[in-house]
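Sharing a sequence plus its predicted fold:
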Amino acid sequence: MQNNSKFHFKHSLGQNFLSDDELLDNILLDAKVENDSNVLEIGAGAGALTAKLCQKLTNGHLLSVEIDKSLQPVLTKKLNNYDNVTLIFDDILKISPQQISNEFLGKPFKVVANLPYYITTPILEYLLNNDFAITDITVMVQLEVAKRLCADVGTKDYGAITPILQLYGHTYITRVVDRTMFRPQPKVDSAVVHMDILKNNLDKKTISDVIKKCFLMRRKTLQNNLMASFNLDKDTAQQKILQLGLSSSVRAEELSLSEFIKLGQLLKGEN
Ligand code: SAM
């Protein structure tokens, strides 16, 4: 952003902007953006990623949402030459899913964003729980969060969010990004995460609820969490775990998504 700009960065809105050309190109590669892709960007900022997307989408459409209206002059100037972008100045979480889908005429679209970190989880929930025709999501997030989203079962980073995300698709880190790449520089490093959305008929809400309850007291065993969250006596909780072929001392972070799904089936009618 120009030094003579009247714009002031708002830490409270997660405003850490990118400008490195190579990194921006690499994010588009990670997102597998094609000329005819339709893309939703969340948080246009000063428009560095937005302009890259506009250049690429010669036959596609970009919808970019930015909450901060004071960025309007900068963005309007930067995107003046492009007619393939719609800018909406609003809180992404307050925009009706119908409005977003209508912008893409009901066609499938990708999400590409350097996310405002303070609402990473609400944004992911908004994108995944609204039945959008999203094919894949490529987002810059805090490195620690990226590790949690993509963790292997049994590792310290594996939390409720890990198997819950696996209900929706396959997620992996494409690159780690040093804090020095942002302006102003944040206190943490970042990573780009790519998620391919996979359609399935799983009851995601019920299974997510089971997973969250199993992780309620992370330091306790699964058996203790089952007793507390599902109001089971010790023998019944232990029996469910043994039926899964697991030891009674197992903890939630040792269960794979398919084991949580089986557990959910065993618990049916008991919660
Ligand atoms: N895309 C730009 C870049 O990469 O340089 C800016 C990314 S910055 C990390 C996140 C942007 O999201 C900021 O411009 C911020 O104002 C915007 N933002 C924060 N909360 C938002 C919300 N609820 N809805 C839409 N945009 C939001």
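Perfect, thanks for sending it.

And the next helix or strand past the helix or strand containing residue 225?
Assigned by DSSP states H and E, residue 225 belongs to helix 222-230. Toward the C-terminal end, the helix or strand that comes next after helix 222-230 (DSSP H and E) is helix 234-243.

between the helix or strand following that next one and helix 222-230, what angle do the directions make?
Using DSSP H and E, the helix or strand that follows helix 234-243 towards the C-terminus is helix 257-267. Between the axes of helix 257-267 and helix 222-230, defined by axes from the mean of the first three to the mean of the last three C-alpha atoms, to 10 degrees, the angle is 50 degrees.

and the chain, which residues reach the ligand?
13-18, 42-46, 48-49, 65-68, 91-93, 114, 116, 119 (C-beta under 6 Å from any ligand atom). (C-beta placed from N, C-alpha, C; glycine too.)

and those, which are buried?
With burial judged by 16 or more other C-beta atoms under 10 Å, the buried subset of those is 13-18, 42-46, 48-49, 65-68, 92, 114, 116, 119.

so of those, which ones are in strands?
Among those, the residues falling in strands (DSSP state E) are 17-18, 42, 65-66, 114.

what's the most distant pair in those?
Of all pairs drawn from those, the greatest distance, 17.0 Å, lies between 18 and 65 (C-beta to C-beta).

circling back: can you list the neighbours in contact with the helix holding residue 225?
Contact with helix 222-230 is made by 213-217, 220, 232-234, 237-238, 240-241, 246, 248-252, 255, 267, 270-271, as judged by C-beta atoms under 8 Å, 6 or more residues apart in numbering.

And stretch 50-58, by the same measure?
24-25, 27-28, 33, 35-39, 41, 44, 62, 64, 75, 78-79, 82, 84-85, 112.

Only the buried residues of it, if you could.
Buried positions in stretch 50-58, judged by neighbour count with 16+ other C-beta under 10 Å: 50-54, 56-57.

Could you list the alpha-carbon positions for it in PDB?
Extracted in PDB, the C-alpha atoms of stretch 50-58 (Å, rounded to 0.1, in the frame of the first residue of the first chain):
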ATOM      1  CA  THR A  50      -7.700  -9.800  -5.700                       C
ATOM      2  CA  ALA A  51      -5.800  -8.200  -8.600                       C
ATOM      3  CA  LYS A  52      -3.900 -11.500  -9.300                       C
ATOM      4  CA  LEU A  53      -7.100 -13.400  -9.400                       C
ATOM      5  CA  CYS A  54      -8.700 -10.800 -11.700                       C
ATOM      6  CA  GLN A  55      -5.700 -11.200 -14.100                       C
ATOM      7  CA  LYS A  56      -6.000 -15.000 -14.100                       C
ATOM      8  CA  LEU A  57      -9.800 -15.200 -14.400                       C
ATOM      9  CA  THR A  58     -10.000 -14.200 -18.100                       C
END
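
Sweet, I'm off.
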